[in-house]
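Participant: only geometry, no sequence info:
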Ligand SMILES: O=C(O)C1=C[C@@H](OP(=O)(O)O)[C@@H](O)[C@H](O)C1
Ligand SMILES: C=C(OP(=O)(O)O)C(=O)O
């Protein structure tokens, strides 16, 4: 066995052969970390949040909750959509003025209809599209109506804030809730911090009834589980590359919707196997498939990469909301993969990919689009490129994992990157 720090390569026996497998210890879930730090800060006795690694987004939430506890109004959100959309209603519920500083594309990402609902319930916000985003006034309890197809983060933010009000509230979700797993993560963390709610299914949507006057009270320690959104890139690397990749630190029964990557890669024909709490992705021949990403938007770049080397056509459907992320991810995925020699067509709310049938892509220069998930896609794409891949602005990866490139090197997967 050869020790290589966090990423290691070890000899691994499976039923048919002995193979070298790259081992990745996955980073803690960014989604769980945001919620745990925020709920902990709202408790009288803050829990100790155990989160092994950090990132720009997690640090943004940590800095904001520090400001919250110390009575400050300026909140440095960086580019973290979750941080802004969770803290905004919380400041309203506490009746505190909040000045949210944003970077990159964050101020242009949607806040409506959360903004209108906060204004309808007693708060005043700065005009749309301006930075900083400010909020003042006291939020009042009542009925909040949010369509289910813009951002689940609006709902997560309200579910976190409304228990702090005196009166009872209801969050009505109109139409199917996209990214619903992220709301399940929120309600799970709220429950761990002693917050109650009742979910009811309505005609074409659902609602959450939230009793007012609740107190946050967390466990003494809260351990953040592993990140499936990030693991998806490593599992894809195992499937498209030359060596199996084993990821450890993930919960098989996680509430994270992105654990669907296992089924999605299997739909492509990939071989993935669990061994206790470790999952290994083996180099596989892939065949194109159809994937609905309305519930798992963050997986789209990974799926596009797998599809680019599969045989036949892949359709990534219901992907309109990808345009509202750190970059317009339909354009950035299509343009980056095409620059490397793939064949990706961008449509209004979907991507259509003609795979290379196992043949190598070309490689070359790509830009980061200021988007961590695009950088990771491009870096993993280098495994299937004939020539080197050069990523301009690759430091954008720090939004979710500053150590990504070191890990890639330790794992021996950075050889075709310049
Ligand atoms: O609540 C969360 O932790 C997240 C929700 C999702 O956003 P949307 O609900 O806006 O799709 C996801 O894309 C984002 O990376 C994290
Ligand atoms: C969209 C993302 O995060 P956020 O919305 O919190 O900025 C992401 O991590 O891909």
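Facilitator: Okay, I see it. Please read all numbers here as calculations on a predicted model, not as lab measurements. Ligands and ions are numbered 1, 2, ... in the order given.
Participant: going along the chain, name the helices of the protein.
Facilitator: Ranges of helices within the chain are 30-42, 56-69, 81-93, 114-120, 152-161, 180-192, 228-240, 261-267, 300-308, 329-339, 372-381, 404-410, based on DSSP state H.
Participant: between those helices, which gets nearest to residue 215?
Facilitator: helix 30-42 (8.9 Å; Cβ to Cβ). The way it works is simple: take the backbone N, C-alpha and C, and place the C-beta from them, glycine included.
Participant: list the contacts of that closest one.
Facilitator: Defining contact as Cβ atoms under 8 Å, 6 or more residues apart in numbering, one finds that helix 30-42 is touched by 46-47, 49, 51, 55, 57-58, 61-62, 65-66, 68-69, 80, 82-83, 86-87, 90, 156, 160, 164, 182, 185-186, 189-190, 192-193, 195, 216, 218, 222, 224-225, 227, 229-230, 256, 400.
Participant: make a ChimeraX selection of the buried ones in the residues you listed.
Facilitator: Buried subset of these, written as a ChimeraX selection, criterion 16 or more other Cβ atoms under 10 Å:
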select :46,47,49,51,55,57,58,61,62,65,68,80,82,83,86,87,90,156,160,164,182,185,186,189,190,192,193,195,216,218,222,224,225,227,229,230,256,400
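Participant: list, out of the contacts of helix 30-42, those positioned next to ligand 2.
Facilitator: Residues of those in contact with ligand 2 (Cβ under 6 Å from any ligand atom): 57, 80, 82, 400.
Participant: wait, what's in contact with the residue nearest to the first one when sequence neighbours are not counted?
Facilitator: So that's residue 57. Counting by Cβ to Cβ, 6 or more residues apart in numbering, the nearest residue to residue 57 once its immediate chain neighbours are dropped is residue 80, at 4.0 Å. With contacts defined as Cβ under 8 Å, 6+ apart, the neighbours of residue 80 are 34, 56-57, 60-61, 106, 399.
Participant: looking at those, which is nearest residue 393?
Facilitator: So of the contacts of residue 80, ranked by how close each gets to residue 393 (Cβ to Cβ), first place is residue 399, at 11.8 Å.
Participant: that older thread, kindly reformat the helices of the chain as JSON lines containing mean pLDDT and distance to residue 136.
Facilitator: Putting the helices of the chain into JSON lines (pLDDT from 0 to 100; distance: least, Cβ to Cβ, whole Å) gives the following:
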{"stretch": "helix 30-42", "mean pLDDT": "98", "distance to residue 136": "20"}
{"stretch": "helix 56-69", "mean pLDDT": "98", "distance to residue 136": "15"}
{"stretch": "helix 81-93", "mean pLDDT": "98", "distance to residue 136": "9"}
{"stretch": "helix 114-120", "mean pLDDT": "98", "distance to residue 136": "11"}
{"stretch": "helix 152-161", "mean pLDDT": "98", "distance to residue 136": "15"}
{"stretch": "helix 180-192", "mean pLDDT": "98", "distance to residue 136": "25"}
{"stretch": "helix 228-240", "mean pLDDT": "98", "distance to residue 136": "34"}
{"stretch": "helix 261-267", "mean pLDDT": "98", "distance to residue 136": "42"}
{"stretch": "helix 300-308", "mean pLDDT": "98", "distance to residue 136": "37"}
{"stretch": "helix 329-339", "mean pLDDT": "98", "distance to residue 136": "33"}
{"stretch": "helix 372-381", "mean pLDDT": "98", "distance to residue 136": "32"}
{"stretch": "helix 404-410", "mean pLDDT": "97", "distance to residue 136": "39"}
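Participant: okay if I get these as JSON lines plus distance to residue 210?
Facilitator: Output for the helices of the chain, formatted as JSON lines (distance: least, Cβ to Cβ, whole Å):
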{"stretch": "helix 30-42", "distance to residue 210": "14"}
{"stretch": "helix 56-69", "distance to residue 210": "20"}
{"stretch": "helix 81-93", "distance to residue 210": "11"}
{"stretch": "helix 114-120", "distance to residue 210": "14"}
{"stretch": "helix 152-161", "distance to residue 210": "7"}
{"stretch": "helix 180-192", "distance to residue 210": "9"}
{"stretch": "helix 228-240", "distance to residue 210": "27"}
{"stretch": "helix 261-267", "distance to residue 210": "32"}
{"stretch": "helix 300-308", "distance to residue 210": "32"}
{"stretch": "helix 329-339", "distance to residue 210": "32"}
{"stretch": "helix 372-381", "distance to residue 210": "32"}
{"stretch": "helix 404-410", "distance to residue 210": "37"}
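Participant: now those helices as JSON lines including distance to ligand 1?
Facilitator: Formatted as JSON lines, the helices of the chain follow (distance: least, Cβ to the nearest ligand atom, whole Å):
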{"stretch": "helix 30-42", "distance to ligand 1": "3"}
{"stretch": "helix 56-69", "distance to ligand 1": "9"}
{"stretch": "helix 81-93", "distance to ligand 1": "5"}
{"stretch": "helix 114-120", "distance to ligand 1": "11"}
{"stretch": "helix 152-161", "distance to ligand 1": "3"}
{"stretch": "helix 180-192", "distance to ligand 1": "4"}
{"stretch": "helix 228-240", "distance to ligand 1": "7"}
{"stretch": "helix 261-267", "distance to ligand 1": "14"}
{"stretch": "helix 300-308", "distance to ligand 1": "10"}
{"stretch": "helix 329-339", "distance to ligand 1": "10"}
{"stretch": "helix 372-381", "distance to ligand 1": "8"}
{"stretch": "helix 404-410", "distance to ligand 1": "16"}
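Participant: ok, back up a step: by neighbour count, which of the contacts of residue 80 wins?
Facilitator: The most neighbours of any of the contacts of residue 80, using other Cβ atoms under 10 Å, belong to residue 34, which has 31 neighbours.
Participant: follow-up on the earlier one: and the furthest pair within the contacts of residue 80?
Facilitator: Among the contacts of residue 80, 34 and 106 lie farthest apart (Cβ to Cβ), at 14.3 Å.
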